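**Student:** predicted model and sequence below, questions to follow.
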Amino acid sequence: MIKLVIPGFIVVAFLAACANAPAKRIAECENLGEKEGVCAAHEWDFAMESPFPDSNLSILANRITPQK
């Protein structure tokens, strides 16, 4: 029984952490002063594109950071 509970708990914790990531990015965007709709649009664009188009993570950071 324990052999099923521990991996199950790990999977649930991982899925919960992944599901909360978009909300955290939207909240961080709003804390930077952007409007709610703009932040949601940024997140939508991020979700619709491949998050790792290349290995240059600075380009990825520029994509998800709101531009003023």
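**Tutor:** Right, received. Where do you want to start?
**Student:** tell me where the model's unsure across this structure.
**Tutor:** Regions of the chain meeting the criterion pLDDT under 70 cover residues 47-68.
**Student:** check which element follows the top helix by length along it along the chain.
**Tutor:** Longest helix in the chain, counting residues (DSSP state H): helix 2-31. Secondary structure here is assigned by DSSP states H and E; on that basis, the next helix or strand after helix 2-31 toward the C-terminus is helix 36-48.
**Student:** what angle separates that next one from helix 2-31?
**Tutor:** Angle between the axes of helix 36-48 and helix 2-31 is 130 degrees (criterion: axes from the mean of the first three to the mean of the last three C-alpha atoms, to 10 degrees).
**Student:** how many other residues sit next to residue 21?
**Tutor:** With neighbours defined by other C-beta atoms under 10 Å, the count for residue 21 comes to 10. To be clear about C-beta, it is placed using only N, CA and C from the backbone, and glycine gets the same treatment.
**Student:** just residue 38 next, same as before
**Tutor:** Each residue near residue 38 was counted by other C-beta under 10 Å, and the total is 15.
**Student:** can you tell me how far it is from residue 30?
**Tutor:** Spatial separation of residue 38 from residue 30 under the definition C-beta to C-beta, to the nearest Å is 9 Å.
**Student:** so who does residue 30 touch?
**Tutor:** Each residue near residue 30 by C-beta atoms under 8 Å, 6 or more residues apart in numbering is listed here: 36, 39.
**Student:** can you do 6 Å?
**Tutor:** With contacts defined as C-beta atoms under 6 Å, 6 or more residues apart in numbering, the neighbours of residue 30 are residue 39.
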